[in-house]
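>>> have a look at this prediction, sequence included:
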Amino acid sequence: MCKRLTNTRPCGEKKRLEAVSAFGNAAAHYLNLPQFSASVPTVVGSDPRGAKWAQLALLWLDAGFLDDADQGSPAELVRLAVSRWVDQWTGGLQYLSQASVFVNIDVDEMDPDYDEQIEDAENKWQLTFASTREANFQFVLQRKLEALEAAVPGLGETAWAVFVAASNQMLPIATPAWVREQFSYLYWFGEDNNADYFSFLAAELGVDASEPDLEDLIRAEYEELYGEELPVTPAEYDDAFAKWVLSPKMKVSRGKLQKLASKHSSQEIRTLAALLVEAMQSDGSLPQLGPQSPIRADPVYGLIEVRWSEDDMLPRAIDDRLYAINQGDGSCYTDALGAEAVPMDRDGFLNWKRAMEAGFSKLKCLEKILPLIADITEE
């Protein structure tokens with residue numbers, strides 16, 4: 001197992017970091033598919049697992065994404081089918097399209113030291129979403145969410161709460177709260193506040209925790225030992241945001257949202273309220289990383305980054321996090337955003353496909369919510 005700065009949970013193998021490579025550099029047995037909403041042909045070499053590819057191609061044929069006129073090897077036909085399917089369900093995405101899709105006919109070999117293995121892995125194939133590492137837009141929340149709060153008290157916080165809850169079931173989105181959680185593993189040793197964090201550092205650095213100027217002493221000691229400033233602290237990070245941005249609550253009920261969707265004088269608020277209800281009612285999700293995933297590692301990148309204000313601490317925190325990852329061996333991190341082992345039997349495949357389509361629908365709902373809660377500028 002690889003080592004983390006804390007012992008909070010196990011993480012994945014560096015082997016996967018290499019397998020899910022940047023777009024255009026797929027590893028052996030991977031079919032690099034187009035970015036969402038794009039149909040770009042790719043080249044697929046011969047593969048010794050032809051029989052399994054053929055079985056998977058037949059499943060996509062039965063699902064209606066291949067026809068008798070399509071030609072190519074089984075692997076090429078699977079690529080074509082998955083490309084058509086992803087394109088159908090993500091067509092029109094603009095803001096949440098920064099992902100590529102990889103298909104592996106075999107589920108990745110698991111870490112033998114990890115207790116939980118993928119059940120019946122030999123009869124499954126793997127779908128992986130990976131970050132394209134592109135940042136085409138900047139999303140800033142403050143002005144629009146504060147305007148919503150002024151128009152309907154509680155609506156701005158509620159809109160953000162719904163977006164965050166829904167995004168937690170999607171491919172990872174770098175919200176202030178998501179970055180804070182990731183940051184705590186890297187720099188705060190799992191501590192949640194300045195008092196506990198500096199007490200921990202005092203013990204590690206041999207500084208008396210009862211000193212009246214403890215924070216200043218630790219900062220000086222840290223800089224002397226490591227030749228750099230102490231990273232962002234929990235309090236510094238939290239102070240950069242309105243309190244409810246990090247932990248938003250539902251201040252407007254679903255029933256009131258439904259009334260706003262039908263009766264409010266503002267078309268924009270009616271549209272937003274209807275979309276929030278749609279997101280709340282959807283049980284759709286997309287593959288994630290973690291104990292049930294073929295990839296037991298943390299994502300390096302989010303699908304997008306959503307800021308509170310143009311001068312908040314999010315970019316610095318993300319840069320510090322990337323620096324820390326690059327300073328280590330990277331074995332606990334991957335540029336994958338999500339991965340899933342998919343059954344090869346017909347019923348299991350169709351159930352998975354329906355669940356994925358519900359996830360894509362929710363992703364498109366979030367795409368529609370974004371311009372209603374954030375100022376968006378193209379970079």
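Structure received.

>>> strands along the chain, start to end?
Counting by DSSP state E, the chain has strands at residues 30-32, 99-104, 124-131, 137-140, 298-299, 306-307, 333-334, 336-343, 375-378.

>>> quick one: which of the ones you listed is nearest residue 77?
strand 30-32 (10.4 Å; Cβ to Cβ). For glycine as for every other residue, the C-beta is placed from the backbone atoms N, C-alpha and C.

>>> do you know how far residue 326 is from residue 354?
Distance of residue 326 to residue 354, given as Cβ to Cβ, to the nearest Å: 40 Å.

>>> circling back to that earlier point, want to throw the strands of the chain into a markdown table with mean neighbour count and distance to residue 216?
Written out in a markdown table, the entries for the strands of the chain read as follows (neighbours: other Cβ atoms under 10 Å; distance: least, Cβ to Cβ, whole Å):
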| stretch | mean neighbour count | distance to residue 216 |
| --- | --- | --- |
| strand 30-32 | 21 | 51 |
| strand 99-104 | 24 | 44 |
| strand 124-131 | 24 | 39 |
| strand 137-140 | 18 | 33 |
| strand 298-299 | 22 | 32 |
| strand 306-307 | 26 | 30 |
| strand 333-334 | 28 | 32 |
| strand 336-343 | 23 | 40 |
| strand 375-378 | 11 | 38 |
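
>>> what's the closest of the ones you listed to residue 180?
Distances from residue 180 to each of the strands of the chain were compared using Cβ to Cβ; the shortest belongs to strand 306-307, at 12.9 Å.

>>> which helices and strands does that closest one pack with?
If you count contacts as 3 or more Cβ pairs under 8 Å, 6 or more residues apart in numbering; DSSP states H and E, strand 306-307 packs onto strand 137-140.

>>> which other residues reach the strand it packs on?
95, 304-310, 370, 374-379 (Cβ atoms under 8 Å, 6 or more residues apart in numbering).

>>> and stretch 223-238, by the same measure?
By Cβ under 8 Å, 6+ apart, the list of residues contacting stretch 223-238 from outside reads 180, 183-184, 187-188, 191-194, 197-198, 205, 218-219, 222, 246, 313, 316-317, 320, 324.

>>> just the buried ones out of the residues you listed, please.
Burial by neighbour count, judged by 16 or more other Cβ atoms under 10 Å, picks out 180, 183-184, 187-188, 191, 194, 197-198, 218-219, 222, 246, 313, 317, 320, 324 from the contacts of stretch 223-238.

>>> which strands or helices does the longest helix seen in the chain pack on?
The residue-count maximum for a helix in the chain (DSSP state H) belongs to helix 346-373. Using 3+ Cβ pairs under 8 Å, 6+ apart, the elements in contact with helix 346-373 are helix 50-62, helix 74-90, helix 142-151, helix 155-167, helix 267-281, strand 336-343.

>>> how far is the fifth one from where the chain is centred?
With Cα atoms, centre = their mean, to the nearest Å as the basis, the distance from the averaged C-alpha position of helix 267-281 to the chain average is 23 Å.

>>> what angle sits between it and helix 346-373?
Following axes from the mean of the first three to the mean of the last three Cα atoms, to 10 degrees, one obtains 150 degrees for the angle between helix 267-281 and helix 346-373.

>>> go through helix 267-281 and flag the buried ones.
If you call a residue buried by 16+ other Cβ under 10 Å, then helix 267-281 has these buried ones: 269, 272, 273, 274, 275, 276, 277, 278, 279, 280.

>>> show me the contacts for the fifth one.
Residues counted as contacts of residue 275 (Cβ under 8 Å, 6+ apart) are 365, 368, 369, 372.

>>> reformat the residues you listed as TSV; add distance to residue 100, pLDDT and neighbour count.
What follows is the contacts of residue 275, written out as TSV (distance: Cβ to Cβ, whole Å; pLDDT from 0 to 100; neighbours: other Cβ atoms under 10 Å):
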residue	distance to residue 100	pLDDT	neighbour count
365	22	97	21
368	23	97	16
369	24	98	22
372	27	98	18
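
>>> from what I can see residue 124 touches residue 342, true?
Yes. When contacts are counted by Cβ atoms under 8 Å, residue 124 is listed as touching residue 342 (5.7 Å).

>>> now do residue 379: how many residues are near it, please.
Look at residue 379: counted by other Cβ atoms under 10 Å, it has 7 neighbours.

>>> show me where pLDDT drops low in this structure?
Under the criterion of pLDDT under 70, the regions of the chain flagged as low confidence span 1-48, 109-116, 329-331.

>>> nearest residue to the middle of it?
To find the centre residue of the chain, average its C-alpha atoms and take the closest one (Cα atoms, centre = their mean): that gives residue 172, at 1.3 Å.

>>> residue contacts, that residue?
In this structure, residue 172 makes contact with 178, 288, 299, 302, 303, 337, 338, judged by Cβ under 8 Å, 6+ apart.

>>> 7 Å - rerun?
178, 299, 302, 303, 337 (Cβ atoms under 7 Å, 6 or more residues apart in numbering).

>>> go through those residues and name the one nearest residue 82.
Nearest to residue 82, judged by Cβ to Cβ, of the contacts of residue 172 is residue 337 at 16.3 Å.

>>> so that closest one touches residue 300, yeah?
No. Residue 337 is beyond contact range of residue 300, at 9.5 Å (criterion: Cβ atoms under 7 Å).

>>> for residue 80, which non-adjacent residue is closest in space?
The shortest distance from residue 80 to any non-neighbouring residue, by Cβ to Cβ, 6 or more residues apart in numbering, is to residue 70 (6.1 Å).

>>> do residue 188 as well
Distances taken as Cβ to Cβ, 6+ apart place residue 197 nearest to residue 188, at 5.1 Å, with adjacent residues excluded.
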